[in-house]
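Q: fold the following and give me the result.
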Amino acid sequence: MGHVEVGHLTYVLPDGRPLLNDVSFRIGEGVKAALVGPNGAGKTTLMRLVTGDLQAVEGSVASSGGLGVMRQFIGSVRDGSNVRDLLLGVAPPAVREAARRLDEAELTMMERDDEKTQMRYAQAIGDYTDAGGYDIEVLWDTCTVAALGTPFERVKYRDVATLSGGEQKRLVLEALLRGPDQTLLLDEPDNYLDVPGKEWLERQLRETSKTVLLISHDRQLLANAADRVITVESGDIWIHGGGFATYAEARRARNERLDELRRRWDEEHAKLKTLVNMLKNKARYNDGMAAPYHAAQTRLRKFEEAGPPEVAPGEQNIKMRLRGGRTGKRAVICEGLELTGLMRPFDLEVWYGERVAVLGSNGSGKSHFLRLLAGEPVTHDGGARLGARVVPGHFAQTHARPDLLGRTPVEIVMSEHARLKNEAMKTLARYELAGLVAEQRFDTLSGGQQARLQILLLELSGATLLLLDEPTDNLDLASAEALQAGLDAFDGTVLAVTHDRWFAADFDRYLVFGSDGAVYESPDPVWDETRVARPR
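A: Sure thing, here's the model as predicted:
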């Protein structure tokens, strides 16, 4: 069994901005704790402090039982990484190190085959065996069969980039949940999972005896799997000991209590200052009032030194103004379209102003379909074209935007959309990306901040067709609600790949990519397409 304990942790960002201040909490054995809070509040940073990826200014972190970690963005260890690399990334450190030495020895054997090299290779094999490498490969075989339907030996050198985001997540989750580490840190484990995958994850989290700290914005998953909620807000944390079902009411009651305590503190502060001033004036003419005056001064000083109670965090105020514009009646036309090896040919017409949710199993071609419509090179047969005056805007599921790396939000908005700095900052403020966040590099922003910036760039681009690939995955609740409101007001057409049950409810049509290669429409959301009888 494992645990995590954080004591008086303080962290300051490289730009000098304090992010976490004197944070303490403990997650006991077998507890399933959810880490929630606004995008950019420090959830992922706190997770990275626990893993040791970052070092705190002050404070301590302790854990037991081994630490299994799923980071927010997986599958990008390096260009060309394969399934074995992905699984090694979540293996125990001893296995990772032994595998590295074995790989080096194998490369040396390919270059020269002398006795010294053979001895080094034999030693590397022995070290890998002693570290449990071959034992864990037996476990990986179970994981790849469960996640990909293929034995490890047949898939271990497959390029990770050929797996869908959901396949990557499922494979890593299988390895962590079945692996030896008794404490798991999971950053957005449900992202890219389809709904059956999310339901599988909910069951696994409920049934495992391991200690789990997870970050998620999926309210249903949190309600079904978390028995404790740790909130990161305004540089501090607070803990709700109940489940997520009672969290919203607990947060509301807490904020009301903090507001009341602050009101009382302000009133008492004002009374003490009035008393000191009154006694000061009386002491000028009456020596007998000197002692009460000094006593009141002391009381005021101690009151102010103790400081006011915690201020209730303000509510987020995000305003997305997705405008769009009038296009031809038919926005998207597909005729006999087939993404090679992923689906059977299908026809589709999407009309101006429609909202189409693209649903279906992972790996069925949904993301490739959006990329094709966005104008990217995707191997296909048949035809796919856009209507008159249709300008596509693509939201990338993995936030893969190499053109934005190393640049700040304010630089991006100013350079790409001809905005003066003051105007750019006002625009960023609507997405809560102003202030110091506007001066951070894109690659240092949180996943939710990156997502909000991508949506802002869609707003500024003049797109009349929004191609959204899992847009709510990294958005906190307030941001997701703002996106929904923005789409409601958008004068254009929307195609969105999603596994978000709440988000999909407002769409007009549902295009389902079946696991058997069929692409069909459904009048209602289909989360397990195998349960629906398709018309012949």
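
Q: give me the distance between the two termini of stretch 202-213.
A: 14 Å (Cα to Cα, to the nearest Å).

Q: buried set for that stretch?
A: Glu202, Gln204, Leu205, Thr208, Lys210, Thr211, Val212, Leu213 (16 or more other Cβ atoms under 10 Å). Using the backbone N, CA and C atoms, a C-beta is placed for each residue, glycine as well.

Q: quick check: next helix or strand after the one helix or strand the last one maps to?
A: Counting by DSSP states H and E, the secondary-structure element that holds Leu213 is strand 211-215. Following the chain from strand 211-215 toward its C-terminal end, the next helix or strand by DSSP H and E is helix 219-225.

Q: so which residues of the stretch 401-536 of the chain form helices?
A: Chain-ordered helices for the stretch 401-536 of the chain, with DSSP state H, counting those that start in this stretch as the definition, fall at 409-417, 421-430, 447-461, 477-488, 501-504.

Q: can you lay out those as TSV showing mean neighbour count?
A: Listed next are the helices of the stretch 401-536 of the chain as TSV, based on neighbours: other Cβ atoms under 10 Å:
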stretch	mean neighbour count
helix 409-417	19
helix 421-430	16
helix 447-461	23
helix 477-488	18
helix 501-504	18
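
Q: related to what we said a few turns ago, show me what the strand holding Leu213 pairs with in its sheet, parallel or antiparallel.
A: With DSSP bridges as the test, strand 211-215 is paired with strand 32-36 (parallel), strand 183-187 (parallel).

Q: so which residue is dead centre in the chain?
A: Centroid-nearest residue in the chain, with Cα atoms, centre = their mean: Asn474, separated by 3.9 Å.

Q: okay but that one is in contact with Pro38, surely?
A: No - taking Cβ atoms under 8 Å as the definition, Asn474 is not a contact partner of Pro38, at 12.0 Å.

Q: please enumerate the strands of the stretch 201-350 of the chain.
A: Ranges of strands in the stretch 201-350 of the chain, per DSSP state E, counting those that start in this stretch, are 211-215, 228-233, 236-240, 330-339, 346-351.

Q: quick one on the thing from earlier: check contacts around the residue nearest to the residue nearest to the centre of the chain when sequence neighbours are not counted.
A: In space, and not counting its chain neighbours, Asn474 is closest to Gly447: 3.6 Å by Cβ to Cβ, 6 or more residues apart in numbering. Going by Cβ atoms under 8 Å, 6 or more residues apart in numbering, Gly447 touches Asn39, Thr44, Gln72, Phe73, Glu188, His399, Asp473, Asn474.

Q: report pLDDT for the fourth one.
A: Read that as Phe73. As predicted, Phe73 sits at a pLDDT of 74.

Q: tell me how many other residues crowd Arg301.
A: 12 (other Cβ atoms under 10 Å).

Q: if you could redo that for Gly179, that was the one I meant.
A: Residues lying near Gly179 (other Cβ under 10 Å) number 21.

Q: same check, this time on Asp130
A: Neighbourhood size, Asp130 [other Cβ under 10 Å]: 11.

Q: just the element for the closest residue in space to it that isn't next to it in sequence, please.
A: Once flanking residues are discounted, Asp130 sits nearest to Ala98: 7.6 Å by Cβ to Cβ, 6+ apart. Secondary structure from DSSP H and E places Ala98 in helix 93-111.

Q: any weak-confidence spans in the stretch 1-150 of the chain?
A: 75-79 (pLDDT under 70).

Q: let's go with 80 and repeat that
A: Residue ranges of the stretch 1-150 of the chain with pLDDT under 80: 15, 39-40, 72-80, 113.

Q: can you map out the helices along the stretch 201-350 of the chain?
A: For the stretch 201-350 of the chain, the helices defined by DSSP H, counting those that start in this stretch cover 219-225, 247-283, 290-306.

Q: please identify the most buried of these.
A: Among the helices of the stretch 201-350 of the chain, ranked by average contacts under mean count of other Cβ atoms under 10 Å, first place goes to helix 219-225 (a mean of 19).

Q: show residues contacting it.
A: Contacts of helix 219-225 (Cβ under 8 Å, 6+ apart): 32, 34, 36, 190, 198, 201-202, 205-206, 214, 216, 229, 243-245, 247, 477, 501-502.

Q: distance of the nearest residue to Arg323 once chain neighbours are set aside relative to Leu436?
A: Leaving aside its sequence neighbours, Arg323 sits nearest to Asp491 (Cβ to Cβ, 6+ apart; 6.3 Å). To Leu436, Asp491 is 34 Å away according to Cβ to Cβ, to the nearest Å.
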